[in-house]
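Chemist: Here you go, sequence then predicted model.
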2 protein chains.
Amino acid sequence: MTAGRNWTGSRGRLQGGAAGASQNLPPLSPTFGFVVTFHTARAPDIQPRSATMLLLHRAVVLRLQQACRLKSVSSRIYIQACSTNDSFRPQYPSLTFSGDNSSTRGWKVMGTLLGVGAVLAYQDHRCRAAQESTRIYTKEEVSSHTSPETGIWVTLGSEVFDVTEFVDLHPGGPSKLMLAAGGPLEPFWALYAVHNQSHVRELLAQYKIGELNPEDKVAPTVETSDPYADDPIRHPALKVNSQRPFNAEPPPELLTENYITPNPIFFTRNHLPVPNLDPDTYRLHIVGAPGGQSLSLSLDDLHNFPKYEITVTLQCAGNRRSEMTQVKEVKGLEWRTGAISTARWAGARLCDVLAQAGHQLCETEAHVCFEGLDSDPTGTAYGASIPLARAMDPEAEVLLAYEMNGQPLPRDHGFPVRVVVPGVVGARHVKWLGRVSVQPEESYSHWQRRDYKGFSPSVDWDTVDFDSAPSIQELPVQSAITEPRDGETVESGEVTIKGYAWSGGGRAVIRVDVSLDGGLTWQVAKLDEEEQRPRKAWAWRLWQLQAPVPAGQKELNIVCKAVDDGYNVQPDTVAPIWNLRGVLSNAWHRVHVFVAP
Amino acid sequence: MTAGRNWTGSRGRLQGGAAGASQNLPPLSPTFGFVVTFHTARAPDIQPRSATMLLLHRAVVLRLQQACRLKSVSSRIYIQACSTNDSFRPQYPSLTFSGDNSSTRGWKVMGTLLGVGAVLAYQDHRCRAAQESTRIYTKEEVSSHTSPETGIWVTLGSEVFDVTEFVDLHPGGPSKLMLAAGGPLEPFWALYAVHNQSHVRELLAQYKIGELNPEDKVAPTVETSDPYADDPIRHPALKVNSQRPFNAEPPPELLTENYITPNPIFFTRNHLPVPNLDPDTYRLHIVGAPGGQSLSLSLDDLHNFPKYEITVTLQCAGNRRSEMTQVKEVKGLEWRTGAISTARWAGARLCDVLAQAGHQLCETEAHVCFEGLDSDPTGTAYGASIPLARAMDPEAEVLLAYEMNGQPLPRDHGFPVRVVVPGVVGARHVKWLGRVSVQPEESYSHWQRRDYKGFSPSVDWDTVDFDSAPSIQELPVQSAITEPRDGETVESGEVTIKGYAWSGGGRAVIRVDVSLDGGLTWQVAKLDEEEQRPRKAWAWRLWQLQAPVPAGQKELNIVCKAVDDGYNVQPDTVAPIWNLRGVLSNAWHRVHVFVAP
């Protein structure tokens, strides 16, 4: 985690940081003083022109405050943007959300920036734009400016900007802009297309401090002996838990920004290097039933099966493992709350493909075994299995997916074909699918038999008997808080709490309870309005609660817990569900925050 | 709860009680002193003949102790009975367990008494039998002798016995004999047929103290204006939570004695008086689908559908409500851990009957509504519904059951026909079934819409919105400790803990963790070997753990928690799942016991 990502975005700290920054930063443009003055309006050295701007800004704010009765600047502007800019409905540049009304939440945030753009346009940006610096910076220099103390720099194309003063005004919240600190804006603007407006560029131009060193544009050389050298380029917002194999999660505040997780920040759980497969020569081998015929399917063949499209949340068994580690060491990647994401998947139904190979549901127990085309140096491929009963049940909607959010699968997510098993742990959604067979027993893969199983807290690596526990298939009910973040300082008055909730096996989340006092008293959060089909509630529900902060409270112990339609609940604490692999971490999620005085 | 049922069966208390009893009891037979001496062998007043008996007894015990390395007298005798009496395989007099190998556990306990019979036969029972008292007692007098302090009396036929001295030797455990204290043995001997052996009667004869007053045999007069007057006679072991309507649960130590709960002690949850229906004129009305035909089915008609037989656990939504009441008052019956039982049900599949009436699964949401033939004074019948998708799914195995454990349904359990919905809350298993219809919405019954729903702990009777929560269908994972009982004193050395575990929706219980220290450390209990079909694990698993009692421990906080195959777990504590109706009480079950010095 970078220093920038730890930054909590409280106004007090930003102001202090800005003051400190003037000692460390390169020579400032003449307007820098103006901008600082704008935010430290009560300081004695106010200049006449700044004071005018301040008054104008205050007038806008007061009007909004009356209208909306909200207290933070960005919230106020947010509301204005939403209520006055209905005509702004920009499109994601690279994502299609077919047949799904799930993106409205994202648009609201995007609309936000338009609002702040409008407000800030009151500032005479020509004054700064006219004095652009032509100073040259290296990428390395830029990447070292990621905090209020050092200044917060970003790049767009070859231009370098110091946005230290803008961060706190960012309508999507300071923390979202901070995700880009020290690097390029492009990957984030690609996610939030509202930025692609001329007046946003004009606004940004005011903060330009120079240009990138042209030599920095040369691509880094590739180390060809590295089996991971051919892995794809990833989105910089992802929080990397392991580079090789690549395992990364989106930051929480982006995770619940959209009901559908944009492909570039969908959590990635790889066990091996990413294969680079040619879609023209790709073949999926389906072992035929006795008396049936084996199939070797091209991508076109798969497309010839009826196409099904469903919204499914995937969760890694290790999601929230980092909380288990705090109880006692476990073996596994330190996932926080982000090893979960939701996409709209499309492909052929596994049951249709299996039927064509002559398979049918039988009375005796059987399993459908999947093999990936990713393999380790010994040639061992990733593998997993699910019960035949689930695979053959049309109601279980198991897919051989070739599309993710309307696009061909990204390489990190299994291009060209992966399995999607709704309601089941991510480990069974085998990527880069190469081979499917029906066996009397579960897959003999390490990941089916010696991993992804739950044990009693009393079991350690000396006593574990992997055969004694069933492989994880359906997952238990889960929820987590994504905003505010642990350690953050929240405004007094009212706090907005956001998060996600999901349960395995198609069980719908019916309620999320939130506590501000560590679990003594509870309030019911508002769930999103997304469709939940009975017994097929494959996707999460996003939730939020706006709650008054009890007067005089200096800190809050925020807790959430979800209930699914089998009235399953989350356990109170982590220790009693601790297990040596750190899987199934679904205790109440707890976030401790401070209240601004 | 009677005083007798509260009795904990510790040896120390029994001895003290026996001494005290001699002051209150009627004139004793000459052998009474002998029997007391037998149990207080270290007292200075040992008589020569008693000492001989003691030596004999000790020799038997020592041999068994060597063989079995067990520590309590009854356990020792138990083992002997099991290992030497394989030929004893008595039958329940009134139950048939067709096609189910589930009754072996019960037989073991029954075999037990044969063992103690053999050991105690060493005593010269002729001496006591020859001196039978002919004193006459009323039923009322007998019923007041239910504790070691008052003496423990039972009756068999017209004979009265003082079994105070035998209770602690009872091989099934003192607590089981205590269930009959103050009343007739017959209902219990009917459950545990091993008692129907001549030498058991000879043994009992030693404890005879008189005869019942012949006038007591007159049946009580029936109050015909009472709508409950025609309710059936119930088994005296049932712990009654409400007489009208009748609601009662088996005592925990009987509950887990058998995998299949004998019909007479199966928990009973009635909402209204029990209808008395004539099987010859009974008709079940199935409302036909549009274009189909309505059916009026006699019992014979139902028998003409293919017969299915499955083992299903039923649990009341209010099971363990009494623990919720301890947090804060709730509305509902004070069920302890016994509002759950398991039977082998047989009948026609609901999907077959519905299909004959022209119903089929449709894309739009629909519900199968059930109406009972029990009704309140206004004529309102009990009613409930389940989703059509479940009703029509052959894999869900919903039955219109006419048999329970091989017998016609007892009246308390819905004679002649009830619904059995595997994996679903008891409230939907409508008894005395009169009418089935398919509707676009759930049943409008009070019990579907204004009851049997879960809410946040923050919701009270002023704020509750019943429409905001789904009706309970599947139930969450559950477990409870049935032995030892709260407040009991256990032997030092080793403790045996028994209980049950179950989960809704056909999810199998895969593990039960037990803690002796309130949840700090855990041990894995041994689950029974009963068959668990994947996705159709409709019945509970009984479990037990034999664990050493940590040296020097004066008390134990025993806790259990179960895990199902969706890796759902039970919540740690009750308060955060408290709800105004006191349903869904599935927090860890906790029992506090003392350790004998």
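Modeler: Cool, got the structure.

Chemist: Run a quick neighbour tally on the nearest residue to A:Ser468 once chain neighbours are set aside.
Modeler: Nearest residue to A:Ser468 in three dimensions, chain neighbours excluded: A:Phe455, at 8.0 Å (Cβ to Cβ, 6 or more residues apart in numbering or on different chains). Heads up, the C-betas are built off the backbone N, CA and C, glycines and all. By other Cβ atoms under 10 Å in any protein chain shown, 23 other residues sit near A:Phe455.

Chemist: mind pulling up the phi and psi values for the nearest residue to A:His145 once chain neighbours are set aside?
Modeler: In space, and not counting its chain neighbours, A:His145 is closest to A:Trp153: 3.7 Å by Cβ to Cβ, 6+ apart. A:Trp153 has phi and psi values of phi -110, psi 150 when expressed as degrees, to the nearest 10.

Chemist: next one: A:Val274
Modeler: phi -80, psi 120.

Chemist: What is the neighbour count of it?
Modeler: Residues near A:Val274, counting by other Cβ under 10 Å: 23.

Chemist: Next: A:Thr325.
Modeler: With other Cβ under 10 Å as criterion, A:Thr325 counts 17.

Chemist: Remind me which helix or strand it belongs to.
Modeler: helix A:321-327 (DSSP states H and E).

Chemist: do A:Arg590 as well
Modeler: Applying DSSP H and E, one finds A:Arg590 within strand A:589-595.

Chemist: ok, that strand near chain B or not?
Modeler: No. Against chain B, strand A:589-595 shows no contacts by Cβ under 8 Å from any Cβ of the partner chain, the least distance being 12.8 Å.

Chemist: Just the C-alpha atoms of that strand, please, in CSV.
Modeler: Output in CSV follows, covering the C-alpha atoms of strand A:589-595 (Å, rounded to 0.1, in the frame of the first residue of the first chain):
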residue,chain,number,x,y,z
HIS,A,589,-16.9,-6.3,9.4
ARG,A,590,-15.6,-3.7,11.8
VAL,A,591,-14.2,-0.2,11.0
HIS,A,592,-13.0,2.2,13.6
VAL,A,593,-13.2,5.9,12.7
PHE,A,594,-12.6,9.2,14.4
VAL,A,595,-15.2,12.0,14.4
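
Chemist: just checking, what packs against it?
Modeler: With contacts taken as 3 or more Cβ pairs under 8 Å, 6 or more residues apart in numbering or on different chains; DSSP states H and E, strand A:589-595 sits against strand A:478-483, strand A:489-490, strand A:555-564.

Chemist: in its sheet, what does it sit against?
Modeler: strand A:489-490 (parallel), strand A:555-564 (antiparallel) (DSSP bridges).

Chemist: Can you tell me which of these is packed in deepest?
Modeler: Counting by mean count of other Cβ atoms under 10 Å in any protein chain shown, strand A:555-564 has the highest mean neighbour count of the strands paired with strand A:589-595, with a mean of 24.

Chemist: distance between it and the chain's centre?
Modeler: Relative to its chain's centre, strand A:555-564 lies at 20 Å (Cα atoms, centre = their mean, to the nearest Å).

Chemist: Let me know the average pLDDT across that strand.
Modeler: Strand A:555-564 shows a mean pLDDT of 98.

Chemist: So A:Val524 sits against A:Val512, correct?
Modeler: Yes. Between A:Val524 and A:Val512 there is a contact at 7.3 Å, judged by Cβ atoms under 8 Å.

Chemist: who has more neighbours, those two?
Modeler: Each of A:Val524 and A:Val512 has its neighbours counted (other Cβ under 10 Å); A:Val512 has more, 27 against 17.

Chemist: Is there contact, residue-wise, from the helix or strand that contains that one to chain B?
Modeler: Using DSSP H and E, A:Val512 sits within strand A:509-515. Yes. Strand A:509-515 reaches chain B (Cβ under 8 Å from any Cβ) through A:Ile510, A:Arg511, A:Asp513.

Chemist: Show me how far the helix holding A:Thr325 is from its chain's centre.
Modeler: 20 Å.

Chemist: Please see if that helix touches chain B.
Modeler: No. Using Cβ under 8 Å from any Cβ, helix A:321-327 stays clear of chain B, with a minimum separation of 12.0 Å.

Chemist: following that helix, which helix or strand shows up next?
Modeler: strand A:340-349.

Chemist: angle of that following strand against strand A:478-483?
Modeler: Interaxial angle of strand A:340-349 relative to strand A:478-483 (axes from the mean of the first three to the mean of the last three Cα atoms, to 10 degrees): 130 degrees.
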